[in-house]
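**Q** sequence and predicted structure, then a few things I'm wondering about:
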Amino acid sequence: MKQKPIALEAYEALADAYAGRIDTKPHNAYYERPATLSLLPEVRGKRVLDAGCGPGVYAEWLADHGAQVTAVDVSPRMAAHARQRLGSKAEVRVADLNRPLTFLSDGSFDLIISALALDYLEDWRRVFAEFNRILVKNGHLVFSAGHPFGELIRNQSMNYFETQRTVMEWTGFGTKISMPYFYRPLQAMLNPLLESGFVLEKVLEPQPIEQFKAADAEDFEKLNRQPGFLCLRAMKG
Ligand SMILES: C[S@@+](CC[C@H](N)C(=O)[O-])C[C@H]1O[C@@H](n2cnc3c(N)ncnc32)[C@H](O)[C@@H]1O
């Protein structure tokens, strides 16, 4: 039976608030985004897929830097925000990354970026196999996800080794929302990547940039000591 994407309902409910705050929300604007963007190869003239695009902040950055962008997201409301933001700058489609991306042909992208979206997929082998199929040889995959050690610090009685569905209460977008996601240990992040034909090129455990401090001094201090996100760059070998 086809399984419903676990975070679809939550993101449909959150989409308007997310779109309204994402440009300046410290965890994204001053922490995750600068780190993930720092891993990108030259994008000018490249065909790029933004996988799990949300309201399209990355897609817009990519288009503004000369890339030819396709953006996908499972949430129709997020996709609507992305279309509104991007206009004719990028093609936006509603698609579930748990499923084959049949509308995208083999070898049709030079780069895939997926920021904070893979945490909602249980099976990374399947999505990495699809990413591998649609990338050209030597094409890049850059993605960010929750850092498993951060999870362990928050919950030391958890079973570190078990990939598990869990839920976090989010309040940072001005509305309270229960966000389901999959936690997985480091080996369950890296091995599916390597076994899908990717070569790991760079590992980044980012720390927030200085602007974060003015917005939230307490979290700034904490994120300078403890990991929150993990950002990786891999190449299709
Ligand atoms: C934390 S947001 C990140 C959005 C954007 N990449 C950014 O950094 O602003 C996660 C996004 O992943 C999308 N998403 C969740 N599950 C998905 C799935 N199964 N397929 C495609 N997109 C998914 C959500 O709808 C949401 O827009």
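**A** Nice, thanks for sending it over.

**Q** and the residue in the chain positioned nearest to the ligand, how close does it get to Leu200?
**A** Closest to the ligand within the chain is Gly54: 2.6 Å, counting by C-beta to the nearest ligand atom. Every C-beta, even on glycine, is put in place using the N, C-alpha and C of the backbone. Distance, Gly54 to Leu200, using C-beta to C-beta, to the nearest Å: 25 Å.

**Q** with neighbour numbers in mind, choose between these two.
**A** Gly54 (26 against 13; other C-beta atoms under 10 Å).

**Q** what residues are up against the more buried one?
**A** By C-beta atoms under 8 Å, 6 or more residues apart in numbering, the residues touching Gly54 are 11, 18-19, 22, 73, 75, 78, 81-82, 115, 117.

**Q** how about 7 Å then?
**A** 18, 22, 73, 78 (C-beta atoms under 7 Å, 6 or more residues apart in numbering).

**Q** tell me what the helix or strand containing the first one is packed against?
**A** This points to Tyr18. Element membership of Tyr18 [criterion: DSSP states H and E] is helix 8-21. When contacts are defined as 3 or more C-beta pairs under 7 Å, 6 or more residues apart in numbering; DSSP states H and E, helix 8-21 sits against helix 76-86, strand 177-183.

**Q** state whether Met168 is indeed within a strand.
**A** Yes - the assignment for Met168 by DSSP: H, G, I helix; E, B strand; the rest coil puts it in a strand.

**Q** can you report how many residues neighbour the residue lying closest to it once chain neighbours are set aside?
**A** Once flanking residues are discounted, Met168 sits nearest to Met179: 5.2 Å by C-beta to C-beta, 6 or more residues apart in numbering. Per other C-beta under 10 Å, the neighbour tally for Met179 reads 18.

**Q** surely Met179 and Trp170 touch.
**A** Yes - with contact defined as C-beta atoms under 7 Å, Met179 and Trp170 form a contacting pair (5.0 Å).

**Q** mind listing what's buried in the longest strand that the chain contains?
**A** In the chain, taking DSSP state E as the definition, the longest strand is strand 135-146. The neighbour-count check on strand 135-146 (16 or more other C-beta atoms under 10 Å) flags 135, 139-146 as buried.

**Q** can you give me the buried ones in stretch 227-235?
**A** Under the neighbour-count criterion of 16+ other C-beta under 10 Å, stretch 227-235 has 227-235 buried.

**Q** mind checking which of those residues are in strands?
**A** With DSSP E as the criterion, strands contain 229-235 from among the buried residues of stretch 227-235.

**Q** where in the chain is pLDDT low?
**A** 1-2 (pLDDT under 70).

**Q** where does Glu151 land in three-state SS?
**A** Per three-state DSSP, the local secondary structure of Glu151 is helix.

**Q** for it, what are its contacts?
**A** Taking C-beta under 7 Å, 6+ apart as the contact definition, Glu151 lies against 158, 183.

**Q** what about the spatially closest residue to Gly52 that is not a sequence neighbour, how many residues close to it?
**A** Among residues not flanking Gly52 along the chain, Ala117 sits closest, at 2.2 Å (C-beta to C-beta, 6+ apart). Ala117: 23 surrounding residues under other C-beta under 10 Å.

**Q** tell me the contacts of Ala117?
**A** Ala117 makes contacts with 51-52, 97, as judged by C-beta under 7 Å, 6+ apart.
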